[in-house]
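Asks: sequence unavailable; structure follows:
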């Protein structure tokens with residue numbers, strides 16, 4: 001069985017499933033490499049409009065693998081310090097790779113999201129957690145820093161700096177219920193409803209203009225890094241005008257409401 005699977009259970013939606021449950025989908029290179037490939041494959045699929053990222057078994061991802069694993073690729077002749085740099089580069093591109101996907105990504109957090117696995121959930125655009133899921137910024141527990149794969153940038157923006165400091169410095173577990181209360185996830189659902197909840201949300205997004213959804217994702221990520229309200233409004237104005245003037249989506253939405261039907265956006 002491949003360590004990463006691509007499933008297409010409903011029209012226009014793909015599930016990227018990390019599939020190494022015996023190691024709680026740890027971020028060993030034998031899983032990270034195929035995960036990069038799956039992200040690239042799905043991103044290039046024009047018939048996929050939404051993506052669900054999840055794990056097999058009882059864990060979403062346990063982060064760093066503490067057992068013997070394969071080395072990173074293409075390291076022949078490299079010194080130890082260069083191997084370390086190569087390794088971190090491969091791992092660190094996972095979150096930007098999710099961000100670069102044109103499709104919105106829903107992380108269906110089916111269990112433990114620890115260390116790099118926690119960071120990976122924050123690379124998704126939306127997070128839904130199973131009630132059994134929990135989160136931990138585990139670097140601090142291992143004598144390292146809690147800052148990796150963009151966590152120091154993304155977590156404060158998701159839940160505020162005070163909570164982010166406390167979670168990252170304490171190394172404590174955050175339950176799915178608490179994660180929902182503080183806005184780390186959109187909601188917590190029963191374990192057996194997790195994937196269907198994510199797929200239902202994907203279906204809802206797939207009913208809108210793919211161009212509108214994709215550009216909204218891009219604008220949301222850009223907004224996280226925009227330095228002022230004026231700059232954000234300038235970006236939004238150009239994006240909105242672009243879709244308004246280059247498609248008939250607005251006219252279709254108006255007509256659909258008048259006719260009491262769902263819109264059929266052709267972009």
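Replies: Alright, I've got the coordinates. A quick note: this is a predicted structure, and the numbers were derived from the prediction, not measured.

Asks: next structured bit after the helix or strand of the chain with the lowest mean pLDDT?
Replies: Least confident helix or strand of the chain, by mean pLDDT, DSSP states H and E, is helix 80-92 with a mean of 82. Downstream of helix 80-92, the next assigned helix or strand under DSSP states H and E is helix 94-100.

Asks: name the SS class of the nearest residue in space to residue 33 that is not next to it in sequence, please.
Replies: With CB to CB, 6 or more residues apart in numbering as the criterion, residue 33 has its nearest non-adjacent residue at 6.6 Å, and that residue is residue 73. C-beta coordinates here come from the backbone N, C-alpha and C atoms, glycine included. Classification of residue 73 using DSSP: H, G, I helix; E, B strand; the rest coil returns coil.

Asks: test my guess that residue 164 contacts residue 146.
Replies: No - at 9.5 Å, residue 164 does not count as touching residue 146 under the criterion of CB atoms under 8 Å.

Asks: for the residue nearest to residue 33, what are its contacts?
Replies: Contacts were defined as CB atoms under 8 Å, 6 or more residues apart in numbering; by that measure residue 73 touches 29, 33, 90.

Asks: make a markdown table out of these and add neighbour count.
Replies: Formatted as a markdown table, the contacts of residue 73 follow (neighbours: other CB atoms under 10 Å):
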| residue | neighbour count |
| --- | --- |
| 29 | 16 |
| 33 | 16 |
| 90 | 17 |
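
Asks: which of those residues sits closest to residue 159?
Replies: residue 90 (27.5 Å; CB to CB).

Asks: pretty sure that closest one contacts residue 29?
Replies: Yes - if you go by CB under 8 Å, residue 90 and residue 29 touch, sitting 7.1 Å apart.

Asks: where do the contact lists of residue 164 and residue 146 overlap?
Replies: In contact with both residue 164 and residue 146: residue 152, using CB under 8 Å, 6+ apart.

Asks: hey, where'd the helices end up in the stretch 101-250 of the chain?
Replies: Here the stretch 101-250 of the chain has its helices, by DSSP state H, counting those that start in this stretch, at 116-123, 151-159, 161-170, 176-182, 194-206, 210-225, 229-246, 249-259.

Asks: give me the distance from the fifth one to the chain's centre.
Replies: Relative to the mean C-alpha coordinate of its chain, helix 194-206 is positioned 14 Å out (CA atoms, centre = their mean, to the nearest Å).

Asks: flag the shaky bits of this structure, pLDDT-wise.
Replies: Low-confidence segments of the chain, defined by pLDDT under 70: 66-68.
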